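**Q** fold the following.
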Amino acid sequence: MKGKVLLTAALFAGAAVTANAVEVLPSCETGAYGVFDEAQCAPPQETAAPEPAPVVEEPQVTEPQVAEPTYQTEPVQVTTPSQTIVEKKERIYTDWGPYKQKSPEELLAIIRKLLAEQAPAMSYPKDAPVGCCYGKLVKPPTYKEIIIKYIKEDGGYEVQVQEAQFREVEKKILVRPAYHKIEVIPAKYEIKEEKIMIAPPRAIWTYKDGIYCKVEVPPEYITIQRKVLVKPPECKKIPVPPEYKIIKVKELVRDASCTKKPLPPKYDTIRKTIMIKGPEVIWDAVLCDINLKPEEIKIIQQRLRELGYYNGPITGQLDDATMAAVVKFQVDHNLPAGNISIETLEAMGLHELAKEYLKCEIKNLMK
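**A** Numbering: from 1, shown residues only. Presented below is the predicted three-dimensional model:
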């Protein structure tokens, strides 16, 4: 009763689940409920006295647990902006959990104690075929795993600054404008010779040897050189082109800008596992000394040896060493434990042997 109260409190506290929350696990010794900080075995808890098995006129067959758990997604309304739950998943599964750390001998003792203390939920089927045996099995504890995805940090903005961009270009600038310069064309002269008469023709008297004679004298000339101006000087305007210089300058391609890019929120996930049902005794077809031949027991012992669960002799006897190996295999594979079931044979890979007893399974009797 104490375990059920703790389990109920844990279920109603699901809205305030934290990453360091404790887990509700069964005691490895008795299967009673307890609260532990780690997934390990704890001291045994007090268990309630088992209730007497109800008298059933007809067998009440229940479908077995589905081996592969599935998630159920539950949409959650947004409540708190700083910690918004966006998704909640739940799955139900069975697992022996901390029991797997036990030795085969310890497991066999625990399973036998649970089988002795608890009564199955139903009686054997009255219309079972001849040669079928039915016994109690301990089903692994049932857990609920809750996965909550929430917004741990609201999305913000990423500020992206783009600096101004320039490019280097060549530019032609005017250093000196166009103008005119004056060119002087000097005067042009020519040298000419000119005869100048210095004495005209005349008659003169000459004396020679006591005789005067009047003679004609021709004119007398002198030759001079004269620099004659042929062309006067001129002033000529000569245009001078402008002078340019090529320089490199920076030209603005894009001015500086600032943009804001929205960032998605950051999510986190919380996983919480609680046990909703402890080990449960069920009723199903099992193999025992009555319907299990020694040759078949040898096959089971040999298979357990191959799987690394049994290192004893192949005797063909269903002794404690063999059953301890069977129980250890069942716990490791999350199977109902305590007796050799058809499901256990299938998990071992002994399909041919399992076929002979499929007619005895309670779920097959309903077909």
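**Q** burial measure for Lys89, as a count.
**A** 16 (other Cβ atoms under 10 Å). Any C-beta I mention is one placed from the backbone N, CA and C, and that applies to glycine too.
**Q** gap between it and Lys231?
**A** Applying Cβ to Cβ, to the nearest Å, the value for Lys89 to Lys231 is 115 Å.
**Q** low pLDDT regions in the protein?
**A** Applying pLDDT under 70 to the chain flags the ranges 1-83, 119-124, 364-367.
**Q** can you give me the helices in it?
**A** 2-12, 104-117, 294-306, 320-332, 342-348, 351-355, 362-365 (DSSP state H).
**Q** okay if I get those helices as TSV plus distance to Arg271?
**A** Below are the helices of the chain laid out as TSV (distance: least, Cβ to Cβ, whole Å):
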stretch	distance to Arg271
helix 2-12	14
helix 104-117	27
helix 294-306	34
helix 320-332	23
helix 342-348	27
helix 351-355	36
helix 362-365	32
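**Q** for Tyr150, which of these is the nearest?
**A** Proximity to Tyr150 (Cβ to Cβ) singles out helix 2-12 among those, at 19.1 Å.
**Q** farthest residue from the center of the chain?
**A** Gly210 (156.0 Å; Cα atoms, centre = their mean).
**Q** what's that one sitting at in phi/psi?
**A** Per-residue torsions, Gly210: phi 80, psi 10 (degrees, to the nearest 10).
**Q** quick one: it and Glu193, what's the gap?
**A** Relative to Glu193, and taking Cβ to Cβ, Gly210 is found at 43 Å.
**Q** what's the answer for Lys260, then?
**A** Remark: distance between Lys260 and Glu193 (Cβ to Cβ) = 103 Å.
**Q** and if you look at Tyr179?
**A** Distance, Tyr179 to Glu193, by Cβ to Cβ: 46 Å.
**Q** how are the strands of the stretch 151-300 of the chain distributed by residue range?
**A** Per DSSP state E, counting those that start in this stretch, the stretch 151-300 of the chain carries strands over the ranges 157-162, 165-176, 179-185, 188-199, 202-208, 211-217, 220-231, 234-240, 243-254, 257-262, 266-277, 280-287.
**Q** distance to Tyr357 for those strands - can I get that in TSV?
**A** Putting the strands of the stretch 151-300 of the chain into TSV (distance: least, Cβ to Cβ, whole Å) gives the following:
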stretch	distance to Tyr357
strand 157-162	66
strand 165-176	82
strand 179-185	122
strand 188-199	144
strand 202-208	185
strand 211-217	184
strand 220-231	144
strand 234-240	121
strand 243-254	82
strand 257-262	64
strand 266-277	27
strand 280-287	6
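**Q** got these as a markdown table, with mean neighbour count and distance to Leu114 columns?
**A** Compiled in a markdown table, the strands of the stretch 151-300 of the chain are given as follows (neighbours: other Cβ atoms under 10 Å; distance: least, Cβ to Cβ, whole Å):
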| stretch | mean neighbour count | distance to Leu114 |
| --- | --- | --- |
| strand 157-162 | 10 | 59 |
| strand 165-176 | 10 | 78 |
| strand 179-185 | 10 | 119 |
| strand 188-199 | 10 | 143 |
| strand 202-208 | 9 | 184 |
| strand 211-217 | 9 | 184 |
| strand 220-231 | 10 | 143 |
| strand 234-240 | 9 | 118 |
| strand 243-254 | 10 | 78 |
| strand 257-262 | 9 | 57 |
| strand 266-277 | 15 | 13 |
| strand 280-287 | 23 | 7 |
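**Q** surely Gln330 is in contact with Asn339?
**A** No - applying Cβ atoms under 8 Å, one finds Gln330 not in contact with Asn339, separated by 9.2 Å.
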